[in-house]
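Q: model this:
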Amino acid sequence: MLVPLLKLGAAASIASTVFAQLPIANDIGNGVHVPGAIPANLDEPLQHHLAFAGSTGMTVSWASFNQIQAPTVWYGPDPANLNMKSSSNQSATYPTSRTYDNHVALTGLKPATKYYYKGKSLFCIALYSFTTSRAAGDMTPFTLASFADLGLMGMDGLSTKVGPISGEETTALGANDTNTIQSLLELKDSYEFMHHYGDIAWGGNLRTLRNGQRLNPANSGTSGYPVYNESFLEQFFDQMQPVTAEKPWSVAILLVFMSTTLN
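A: Model prediction:
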């Protein structure tokens, strides 16, 4: 059963009353992480997200500013007794990234069962939970959240404007409306997982707006454009963490075909 959880399309709903700091900011070390900022402890696990691994498994992923030698997750059905442990050697990055992506597969789980988990880190005090997939053939009705074209909230996102349409500036949300990420969080208890039909974060300069104006450091002479670009991605995954740390996130890749005329 698919219910219309989201009132507006994500492309038109990136307003927020919470504004991120500048993308080159640092946390001040008080234990509070600001989206897009560099944490005081570079081992701090950030941007948690989940992916189904069949009906008896779950992949737990997170980012860290340091490479983790043996990413580890403690978990179990009792939040007071996380007596199961899984580890991996998957802590990788790419040339322009500021963070490492860590992945741990949890296997041998029971279908349709709630588990609690946390990462192995002295600074990972947060406890999260997830529910595994239904077993094949289970015909019990379920609800999922379905959305597409999801970008940043706040000043580094699309804010309350979606830009000119047919030459006119268009306001997407009213003063009392919620954007898609806010809706996903408010309705988190009403759905089991999320299906995201691309695009993600809009970290590239062509999609990035600040206060309704396009920010293009690459063309304006601003140095460190890759840092800005990566920070936009980090902000997005930080903003999504309250949802993606507990709800599996299935992403579909959409292909856009463009015709080019060669002279």
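
Q: helix or strand with the lowest mean pLDDT in this structure?
A: Across the helices and strands of the chain, mean confidence by mean pLDDT, DSSP states H and E is lowest for helix 217-220: a mean of 43.

Q: just after it, pick out the following helix or strand.
A: helix 225-244 (DSSP states H and E).

Q: following element in sequence after that next one, please.
A: That would be, after helix 225-244 and using DSSP H and E, strand 249-251.

Q: that following strand pairs with which strands?
A: According to DSSP bridges, strand 249-251 forms sheet pairs with strand 193-196 (parallel).

Q: send the alpha carbons of the partner strand over as PDB?
A: Provided in PDB are the C-alpha atoms of strand 193-196 (Å, rounded to 0.1, in the frame of the first residue of the first chain):
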ATOM      1  CA  PHE A 193      11.400   2.300   4.200                       C
ATOM      2  CA  MET A 194      12.100   5.000   1.500                       C
ATOM      3  CA  HIS A 195      12.300   4.700  -2.200                       C
ATOM      4  CA  HIS A 196      14.200   7.600  -3.800                       C
END
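
Q: residues making contact with whichever helix or strand comes after it?
A: Using DSSP H and E, the helix or strand that directly follows strand 193-196 along the chain is strand 200-201. Contact with strand 200-201 is made by Leu150, Gly151, Leu152, Phe232, Leu233, Phe236, Phe237, Val251, as judged by Cβ atoms under 8 Å, 6 or more residues apart in numbering. Using the backbone N, CA and C atoms, a C-beta is placed for each residue, glycine as well.

Q: now the two most distant members of these.
A: Between any two of the contacts of strand 200-201, the greatest separation by Cβ to Cβ is 17.6 Å, found for Phe232 and Val251.

Q: okay, the two: which has more neighbours?
A: Comparing Phe232 with Val251 by neighbour count (other Cβ atoms under 10 Å), the higher total belongs to Phe232, at 24 against 13.

Q: return the residues in contact with Ser97.
A: Taking Cβ under 8 Å, 6+ apart as the test, what Ser97 contacts is Glu230.

Q: that one and Ala80: what is the separation?
A: 36 Å (Cβ to Cβ, to the nearest Å).

Q: and what of Thr72?
A: Applying Cβ to Cβ to Thr72 and Ala80 gives a distance of 19 Å.

Q: of those two, which one has the most company?
A: Between Thr72 and Ala80, counted using other Cβ under 10 Å, the more crowded position is Thr72 (18 against 7).

Q: return the per-residue confidence for Pro226.
A: pLDDT, Pro226: 57.

Q: isn't Gln239 right up against Leu46?
A: No: contact criterion Cβ atoms under 8 Å: Gln239 and Leu46 do not qualify, at 11.4 Å.

Q: of these two, which one has the most company?
A: Gln239 (27 against 17).

Q: which residues does the more buried one contact?
A: If you count contacts by Cβ under 8 Å, 6+ apart, Gln239 has them with Pro35, Leu152, Met153, Ile181.

Q: ok, and the most crowded of those?
A: Busiest of the contacts of Gln239 [other Cβ under 10 Å] is Leu152, holding 29 neighbours.

Q: any idea how far that one is from Thr180?
A: Leu152 sits 11 Å away from Thr180, going by Cβ to Cβ.

Q: Phe237 now?
A: Distance from Phe237 to Thr180, by Cβ to Cβ: 15 Å.
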